[in-house]
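Colleague: what would the 3D arrangement of this be:
(3 chains)
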Amino acid sequence: MAPIFYGLCTLAALFCAVLLLRAYFPSRYKLLLWGGICFLGLTLNNALLVVDKIIFPEEKLFFIGIDFIIWRLLAALIAMLVLLYGIIFEAE
Amino acid sequence: MLLGAISMASFIAGLFFLRFWRDTQDRLFLLFAISFLIEGINRAALGLSGNPDEGRPFFYFVRFLSFLLIIIAIVQKNMTKRRNP
Amino acid sequence: MSFAHAIVGKYSVPAWVRNGCILTEQFTMAEPLIPDEVARFVLDKIDSVAQLEALLLLRNNRETDWSVGALAARLYIQEDQTAQLLGVLQAQGFVVSKGSDLALYRYEPASQELHAMLERLAEIYAKHLVPVTNLIHSKPKPRIQEFADAFRLRKDK
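Modeller: Residues are numbered from 1 along each chain as shown, chains lettered A, B, ... in the order given. Presented below is the predicted three-dimensional model:
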């Protein structure tokens, strides 16, 4: 079940990223760029989660794939930091 | 912990979206705000639960809900665009 | 000067703007130059003078399909700004995109109502340019609105 839901989340995040980046190019409003990058990061985060759940369907992932978790979370963290940067400095 | 940082960042983003909603009266921002706030709670709960497994139904369901709110925001934005450009 | 505010729709604008007074030494309250419904139309739909000028230009040349470049050149503004306001006009139902790659725009209002309001606005704008531009500039337009607008899909999608 989890991969399905996270897969849908991946698609939703990708959709948002596309819309934001598409709007960025004509208007050059920086927040759209940072927002788009944020959603790309969230897309990656959720996509990696889907992969994770398919390869490691059980809960015991402390020894296997610990690095994988860190990459996943880093993607989400960087995505959110990029969004916050954009909101604070570029939102006008 | 990374989850704590992500959770905080989500919360803060959610608060900013609340402010944008107040400034523009655009419902999209309200829905984005709620979406990021519940994701913040979700990540915090995951971090506090001691077991970082996101495969459990509660967590994937809340994540799905938060994205569903965003999709609803986009849908409603496009349904009312004639009245509220 | 009186700092009274007039409420037009969901906007609160200074009374002197609402009544369309041209600034002279006396700030007298004149009869509204801009009727309520037209003022509401301006505040709801027109975000900038450039947008209004673009819209009127397209309307005056209804038979022509305009490209972003041609329009930008006529209006003396940047192409990216032109593209953005054309996107807004299209989402509002004033113009449609044409041509094989949808890069041309033509005035084709989605409803008779829109067209009628624009005709009235055009008439008033021709006679009282400054009051109309004052009204447009009195509307606060936080740029963050563009973030929400990014999620508007095109009409033809």
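
Colleague: can you list the low-confidence ranges for chain A?
Modeller: A:57-66, A:92 (pLDDT under 70).

Colleague: 80 - rerun?
Modeller: A:55-68, A:91-92 (pLDDT under 80).

Colleague: which residues of it lie near chain B?
Modeller: By the rule C-beta under 8 Å from any C-beta of the partner chain, the part of chain A lying against chain B is A:1-2, A:5-6, A:8-9, A:12-13, A:15-16, A:19, A:46, A:49, A:53, A:57, A:59, A:61, A:69-70, A:73-74, A:76-77, A:80-81, A:83-84, A:87, A:91. Any C-beta I mention is one placed from the backbone N, CA and C, and that applies to glycine too.

Colleague: what is the neighbour count of the residue of chain A found nearest chain B?
Modeller: With C-beta to the nearest C-beta as the measure, A:Met80 is the residue of chain A nearest to chain B, at 3.6 Å. Neighbourhood size, A:Met80 [other C-beta atoms under 10 Å in any protein chain shown]: 27.

Colleague: next up, the contacts around it.
Modeller: A:Cys38, A:Gly41, B:Ile6, B:Ala9, B:Ser10, B:Ala13 (C-beta atoms under 8 Å, 6 or more residues apart in numbering or on different chains).

Colleague: make it 10 Å
Modeller: A:38, A:41-42, A:45, B:5-13, B:36, B:39-40, B:43 (C-beta atoms under 10 Å, 6 or more residues apart in numbering or on different chains).

Colleague: mind checking which of those residues are in helices?
Modeller: Under the assignment DSSP state H, the contacts of A:Met80 contribute A:38, A:41-42, A:45, B:5-13, B:36, B:39-40, B:43 to helices.

Colleague: buried members of those residues into PyMOL, please.
Modeller: Buried residues within the ones in helices among the contacts of A:Met80, by 16 or more other C-beta atoms under 10 Å in any protein chain shown, are selected in PyMOL with:
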select buried, (chain A and resi 38+41+42+45) or (chain B and resi 5+6+7+8+9+10+11+12+13+36+39+40+43)
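
Colleague: quick one: contacts for the closest residue to B:Phe29 other than its chain neighbours?
Modeller: Leaving aside its chain neighbours, B:Phe29 sits nearest to B:Trp21 (3.7 Å; criterion: C-beta to C-beta, 6 or more residues apart in numbering or on different chains). Residues near B:Trp21 by C-beta under 10 Å, 6+ apart: B:Arg27, B:Leu28, B:Phe29, B:Leu30, B:Leu31, B:Phe32, B:Ala33, B:Ile34, C:Ile144, C:Ala148.

Colleague: in what helix or strand does the closest residue to B:Phe61 other than its chain neighbours lie?
Modeller: Excluding its sequence neighbours, the residue lying closest to B:Phe61 (C-beta to C-beta, 6+ apart) is A:Phe5, at 6.9 Å. Using DSSP states H and E, A:Phe5 sits within helix A:2-27.

Colleague: ok so, going back, surely the residue nearest to B:Phe61 meets B:Arg63?
Modeller: Yes - judged on C-beta atoms under 10 Å, A:Phe5 makes contact with B:Arg63 at a distance of 7.0 Å.

Colleague: overlap of the contact sets of those two?
Modeller: Any residue near both A:Phe5 and B:Arg63 by C-beta under 10 Å, 6+ apart counts here, and that gives A:Asn46, A:Leu49.

Colleague: which one's more surrounded, these two?
Modeller: B:Arg63 (25 against 22).

Colleague: quick one: the most centrally placed residue in chain B and B:Phe11, what's the gap?
Modeller: Nearest to the mean C-alpha position of chain B, by C-alpha atoms, centre = their mean, lies B:Ser35 at 1.7 Å. To B:Phe11, B:Ser35 is 12 Å away according to C-beta to C-beta, to the nearest Å.

Colleague: distance of the residue in chain B that chain A sits nearest to from A:Tyr85?
Modeller: Distances between chain B and chain A by C-beta to the nearest C-beta are smallest at B:Ala9, namely 3.6 Å. For B:Ala9, the distance to A:Tyr85 equals 10 Å [C-beta to C-beta].

Colleague: what of C:Asp65?
Modeller: With C-beta to C-beta as the criterion, C:Asp65 and A:Tyr85 are 41 Å apart.

Colleague: show me the shaky parts of chain B.
Modeller: In the predicted model, chain B carries pLDDT under 80 at residues B:24-25, B:50-53, B:55, B:79-85.

Colleague: now the longest helix along chain C: mean pLDDT?
Modeller: When chain C is parsed with DSSP H, its longest helix is helix C:112-127. Helix C:112-127 carries an average pLDDT of 92.
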